[in-house]
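Student: coords please:
(one chain, ligands or ions: 1)
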Amino acid sequence: MATQNDLFKKVISHAKEYGFVFPSSEIYDGLSAVYDYGQNGAALKNNIKNYWWRAMVQLHDNIVGIDAAIFMHPTTWKASGHVDAFNDPLIDNKDSKKRYRADVLVEDYCGKLEVKIEKEVTKAARRFGEAFDKEQFLATNPRVVGYQEKIDGILKRLGQSLEKEDLADVKNLIEELEIACPESGSRNWTDVKQFNLMFGTKLGASADSAMDLYLRPETAQGIFVNFLNVQKTGRMKVPFGIAQIGKAFRNEIVARQFIFRMREFEQMEMQFFIPPGTQKEWYEKWKDTRLNWHKSLGLGEENYRFHDHEKLAHYADAASDIEFKFPFGFKELEGIHSRTDFDLGSHEEFSGKKLQYFDPERNENYVPYVVETSIGLDRMFLAVFSKSLQEETLEDGSSRTVLKLPAVLAPTQVAILPLVKKDGLPDLARKIQNDLKWNYAVNYDEKDAVGRRYRRQDALGTPYCITVDHQSLEDQTVTLRDRDSMQQERIAVDQLDRFLDEKLNPKYWLQKI
Ligand code: ATP
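Tutor: Predicted structure coming up:
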């Protein structure tokens, strides 16, 4: 059986081989934790962006989208707390000289205990068969309960130590759990230190007048500083939201999980401005709405779970992650945070400008509270891509690699394949391509035997192949092949648009939310 690690390696090599993700500046041996998206990757990424933007902006008449600059006035990052508090606890192994995030070492240790729980569940499910009650098993099996209590205890202590900035205790925890460096196997650790994750740069040509800037570590602040601009010019009434998709930069201490943790990445964030006191209800609503967005893509509900935070960031009164089952286990995909009035309040204080809203219903001025939804676009890409990549054994014993991307996100939605390169078949195929390309991402391919072309389209994640053969010239029908079932059916050329619309129009996917 393939291990998690094999699976992950397969994801990385498939992403490269089929033009989805390349290491950055690869001819110079790449740059650590920076990646480029290739021709199919860029298309998939754009489709994810559109799917998010439609769901958040187009379908909500009280949410608008902006595009703020990456560079911001440096005081922004004082006000937001990033200069003082955007730190990760780091620890070095003295033998391997490798640097780790101390909290991640502890979380990975808990991840291993979770794998043990899963194994017990699988074993028991096999033993009890139909009668197996997972919930009851999790609540009563002494071994499982023991593991779970251990996990809860460790995470609680980690959360409390980080909250109190008690870095010595974080080190104690690592020592008590006998966590060894994955590289050297040794437990020869340095003390835990704080490390600021922002990248600095300079604005201006002359040395004297140059101003120290940061590359933004999150897109959210570009929204907060524009709160009044948007509220006034858009005549927005609280509650309303501002959404944004854009690059963010973090000098991550450990970045070895492909596009899961990058130093340059993209975020899709939405800040929802609400009256003070209503944050609980909006927080719950956005948790639900965002989970439903994920579920609408059909990657399997069992692959998502909420993780409510023990340790709250300095700005939050509640926070939860939507975690996804990546090839290396359940990890954060999206954060939903109740940010109180911290950000607007703090920008008021630092800028000296009022950032308030007059609420005609309450007949009062206030600094709105905020509930934020924040998802990493690259992480979303990895979630979709890794879950879609499957190795199947077919009835005849052969195997195929198929990328079962949600059809609405596929880089190529329809491939048009003339059976042979002669007898007028390419002409009809081109005509069909020219008709369909206005509504769908279409790819024309006439090279190699048709079976090989199907395999290639399977590996690229193309949900539908249309094959034009000699019969097509006579009766204007083509073969339509479904990627997942591999079923082929004959369909009239003039019915193609209707068929594809039902399968590919984002409307039918988004209506599930
Ligand atoms: P983590 O705990 O994994 O470092 P975080 O809690 O710091 O993430 P947030 O600041 O809440 O992350 O950012 C919101 C989202 O941005 C995350 O849920 C994640 O999807 C994405 N994200 C954060 N850091 C990175 C990164 N280095 N590379 C890719 N995506 C990232």
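
Student: gap between the two ends of stretch 303-316?
Tutor: Terminal residues of stretch 303-316 are spaced 26 Å apart (Cα to Cα, to the nearest Å).

Student: what's the burial count for residue 422?
Tutor: 9 (other Cβ atoms under 10 Å). Yep, even glycine has a C-beta here, placed from its N, CA and C like the rest.

Student: what sits against it?
Tutor: When contacts are counted by Cβ atoms under 8 Å, 6 or more residues apart in numbering, residue 422 touches no other residue.

Student: So it: helix, strand or coil?
Tutor: Under DSSP: H, G, I helix; E, B strand; the rest coil, residue 422 falls in the coil class.

Student: List phi and psi for it.
Tutor: Taking degrees, to the nearest 10, you get phi -140, psi -170 for the backbone angles of residue 422.

Student: per-residue confidence at it?
Tutor: Per-residue pLDDT puts residue 422 at 95.

Student: Nearest residue to the residue nearest the centre of the chain in space, ignoring adjacent ones along the chain?
Tutor: Central residue of the chain (Cα atoms, centre = their mean): residue 380, 2.2 Å from the mean position. Closest residue in space to residue 380, ignoring its immediate chain neighbours: residue 48 at 5.5 Å, by Cβ to Cβ, 6 or more residues apart in numbering.

Student: And the chain, split by domain according to the record?
Tutor: Split into domains by automatic domain parsing, the chain comes to 1-80+212-401, 87-196, 412-510.

Student: now for these, which one comes closest to the ligand?
Tutor: domain 1-80+212-401 (2.5 Å; Cβ to the nearest ligand atom).

Student: can you tell me if that closest one touches the ligand.
Tutor: Yes: judged by Cβ under 6 Å from any ligand atom, domain 1-80+212-401 and the ligand are in contact via 218, 250, 252, 261-262, 265, 267, 332-335, 374-376, 378-379.

Student: Assess the claim that residue 178 and residue 187 are in contact.
Tutor: Yes: contact criterion Cβ atoms under 8 Å: residue 178 and residue 187 qualify, at 6.5 Å.

Student: more crowded one of these two?
Tutor: Neighbour count, other Cβ under 10 Å: between residue 178 and residue 187, residue 187 has more, with 15 against 8.

Student: Tell me the secondary structure at the more buried one.
Tutor: Using three-state DSSP, the structure places residue 187 in coil.

Student: which residues does it contact?
Tutor: With contacts defined as Cβ under 8 Å, 6+ apart, the neighbours of residue 187 are 175, 178, 179, 180, 181.

Student: quick one: which of the residues you listed sit in helices?
Tutor: Within these, residues falling in helices by DSSP state H are residue 175.

Student: Most neighbours among the contacts of residue 187, which one?
Tutor: Ranking the contacts of residue 187 using other Cβ under 10 Å puts residue 181 first, with 20 neighbours.

Student: I figured it was touching residue 93, is that so?
Tutor: Yes: Residue 181 lies in contact with residue 93 (Cβ under 8 Å); the separation is 3.7 Å.

Student: one step back: now the contacts of residue 187 as TSV including distance to residue 314 and pLDDT?
Tutor: Shown next, in TSV, are the contacts of residue 187 (distance: Cβ to Cβ, whole Å; pLDDT from 0 to 100):
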residue	distance to residue 314	pLDDT
175	28	97
178	32	97
179	27	97
180	33	96
181	31	95
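
Student: Which of the contacts of residue 187 fall in strands?
Tutor: Using DSSP state E, no member of these falls in strands.

Student: average pLDDT across stretch 314-328?
Tutor: 93.

Student: Span of it from start to end?
Tutor: 29 Å.

Student: Let the chain start at 30 from now.
Tutor: That works, and once the first residue is 30, the last one we named lands at stretch 343-357.

Student: List the contacts of residue 73.
Tutor: Counting by Cβ under 8 Å, 6+ apart, residue 73 makes contact with 49, 410, 413, 414, 434, 438, 439, 440, 490.

Student: Next up, phi/psi of the last one, please.
Tutor: Reported as degrees, to the nearest 10, the phi and psi values for residue 490 are phi 90, psi 20.

Student: Give me the pLDDT value at it.
Tutor: For residue 490, the pLDDT comes out at 98.

Student: That one and residue 172, how far apart?
Tutor: For residue 490, the distance to residue 172 equals 41 Å [Cβ to Cβ, to the nearest Å].

Student: Likewise for the fifth one?
Tutor: With distances defined as Cβ to Cβ, the gap from residue 434 to residue 172 amounts to 39 Å.

Student: Please say which of those two ends up with more neighbours.
Tutor: In this view residue 434 and residue 172 are compared by other Cβ under 10 Å, and residue 434 has more residues nearby, 25 against 10.

Student: if I look at the more buried one, how far off is residue 488?
Tutor: From residue 434 across to residue 488, the span is 11 Å (Cβ to Cβ).

Student: Just the helices from the stretch 130-279 of the chain, written as ranges.
Tutor: Assigned by DSSP state H, counting those that start in this stretch, the stretch 130-279 of the chain shows helices spanning 131-157, 163-169, 171-192, 196-205, 249-253, 256-262.

Student: all helices for the stretch 280-429 of the chain, in order.
Tutor: Taking DSSP H, counting those that start in this stretch as the criterion, the stretch 280-429 of the chain carries its helices at 308-324, 371-380, 406-417.
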